[in-house]
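**Q** could you look at this predicted model? Sequence included:
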Amino acid sequence: MQRVARFVPSTVRHARCLSTGDVEVNIPVPFKAHECDGPVQTATTNKEELMEYFSTMNMIRRMEVACDNEYKARNIRGFCHLYDGQEAVCTGVEAAVSRDDDWITSYRCHGAAYVRGCTVEEIMAEQFGLSNGVVKGKGGSMHLYKKATNFWGGAAIVGAQVPVGVGLGFASKYTAKEGEPMNISMSFYGDGAANQGQCWEAANMAKLWKLPALFVIENNEYGMGTSTDRHSGLTEYYKQGNIIPGVQCDGMDVLAVREAFKYAKNHASSGQGPMFIEVKTYRYHGHSMSDPGLTYRDREEVQSVRASRDCISGLKERILKLGFSTEEELKKIEKDARKTVAADIKAAKKGSPLELHEIYTDIYHKEIPHFIRGAEMATSAYDGKSSM
């Protein structure tokens, strides 16, 4: 199915210098709003911010390309869902919220894990099944977590993370101090999960209880081998909440994502209840590594998006037009990202497989029972305590 790539106007057609040294730039692709005013069509930024975003997005891109190579070399086994093409989403979100805010997502979770503080070494080692992985090699590609930064991980069951995210929002409201803004919860899921019944049920409860919960649809235009217009009656996902407000933003523009989430966080944290956010983005790889990604879309379509809408190229153009950097400096950042990822993969591979007794740990909250139905547990194989 041929899908026409959207034309994105010049990212910095207008920019206004402010007395603080910041600049105010236009967001080229208009926000769309449902039952709310929506964000303004400008963003204030500076050199430091944009260079940081550029570095982060390049690191994620190089990591995902490396995952592709390591999977094909059979060093990564099982499921693996790559995030390249969507780097502006997680980067823009992290720039808008606090690490006190809860984040839960689906199995396409490498980018979110990275911006929430997991290292490339930890993420890669996890996929190699080694003990220096972020969850000791027990989770693999789909189950990355970082409790210290309120990243509650990837979830393998389509849509199942959404009720959990709403539960996190309930906890935030329950523990919030009166008169102070609440921390928010963000439940990320794809267009393929958007019509899961549990998502609708969770949204209903969030509305009834006015929970500080954001329902975030990363619309990359395809579910598992199916385009959005073939699997969803309503393809404007920001309107799915009906009486719940919603915003649609350009997920290929890191500043557009940032401003959309600033707006949504202000809404939810101030006690006004939940909000839907549809982030229009695109994935370059197939649904997973087992999907070539070209049986239901043309190769030319992917190439067209890469050429006209790529989030890293768009940010690079913005930086250059603002005079914040040069081609040479930006190329160095790209090369440094390659070197860093290569070094981190090398370090990740130095990790060791888990000890046999770890098969019994991190399952029970306190003591491991001395008898588990169907399992032979020699007392010498474990110490009787959970390692959590």
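**A** Sure, I can see it.
**Q** which one is residue 276 nearest to, not counting chain neighbours?
**A** Closest residue in space to residue 276, ignoring its immediate chain neighbours: residue 246 at 3.7 Å, by CB to CB, 6 or more residues apart in numbering. Where C-beta positions appear, they are placed from N, C-alpha and C, glycine not excepted.
**Q** ditto for residue 107
**A** Closest to residue 107 by CB to CB, 6+ apart is residue 142, at 3.8 Å.
**Q** which element is that neighbour on?
**A** Using DSSP states H and E, residue 142 maps to neither a helix nor a strand.
**Q** tally of neighbours for it?
**A** 22 (other CB atoms under 10 Å).
**Q** next one: residue 194
**A** Neighbour tally, residue 194, other CB under 10 Å: 25.
**Q** distance check, it against residue 235.
**A** According to CB to CB, to the nearest Å, residue 194 and residue 235 sit 9 Å apart.
**Q** residue ranges in the chain under the pLDDT threshold?
**A** 1-14, 19-20, 371-372, 374-388 (pLDDT under 70).
**Q** domain-wise, how is it divided?
**A** For the chain, automatic domain parsing gives the domain ranges 15-354, 357-388.
**Q** okay, strands next: where are they in the chain?
**A** 15-17, 23-26, 32-34, 42-45, 102-106, 151-155, 185-190, 213-219, 246-250, 275-280 (DSSP state E).
**Q** so where do the helices sit in the stretch 51-200 of the chain?
**A** 87-96, 110-115, 120-128, 161-175, 197-208 (DSSP state H, counting those that start in this stretch).
**Q** to residue 304, which of those lies closest?
**A** helix 87-96 (17.7 Å; CB to CB).
**Q** any chance of the strands of the chain in TSV with distance to residue 122 and mean neighbour count as columns?
**A** Shown next, in TSV, are those (distance: least, CB to CB, whole Å; neighbours: other CB atoms under 10 Å):
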stretch	distance to residue 122	mean neighbour count
strand 15-17	38	12
strand 23-26	34	17
strand 32-34	37	18
strand 42-45	30	18
strand 102-106	17	27
strand 151-155	12	24
strand 185-190	20	28
strand 213-219	23	27
strand 246-250	30	26
strand 275-280	25	26
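**Q** need the ones you listed in TSV with distance to residue 259, can you?
**A** Formatted as TSV, the strands of the chain follow (distance: least, CB to CB, whole Å):
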stretch	distance to residue 259
strand 15-17	15
strand 23-26	11
strand 32-34	12
strand 42-45	5
strand 102-106	18
strand 151-155	22
strand 185-190	16
strand 213-219	14
strand 246-250	7
strand 275-280	11
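**Q** just to revisit the earlier point, for the helices of the stretch 51-200 of the chain, which one sits closest to residue 39?
**A** helix 87-96 (10.4 Å).
**Q** and the angle from that closest one to strand 102-106?
**A** Interaxial angle of helix 87-96 relative to strand 102-106 (axes from the mean of the first three to the mean of the last three CA atoms, to 10 degrees): 170 degrees.
**Q** so what touches helix 87-96?
**A** Here helix 87-96 makes contact (CB atoms under 8 Å, 6 or more residues apart in numbering) with 49, 53, 56-57, 60-61, 83, 103, 111-112, 114-116, 186, 216, 218, 251-262, 265, 279, 281, 311-312, 314-315.
**Q** what do you get for stretch 118-134?
**A** Here stretch 118-134 has contacts from 59, 63, 66-67, 70, 75-77, 80, 110, 113-114, 135, 137, 139-141, 144-146, 151, 340-341, 344-345, 347-354, 358, using CB under 8 Å, 6+ apart.
**Q** how does it look with 6 Å?
**A** 63, 76, 110, 113, 137, 139, 141, 144, 146, 341, 344-345, 347-348, 351-352, 354 (CB atoms under 6 Å, 6 or more residues apart in numbering).
**Q** the strands of the chain: which one's closest to residue 239?
**A** strand 32-34 (4.7 Å).
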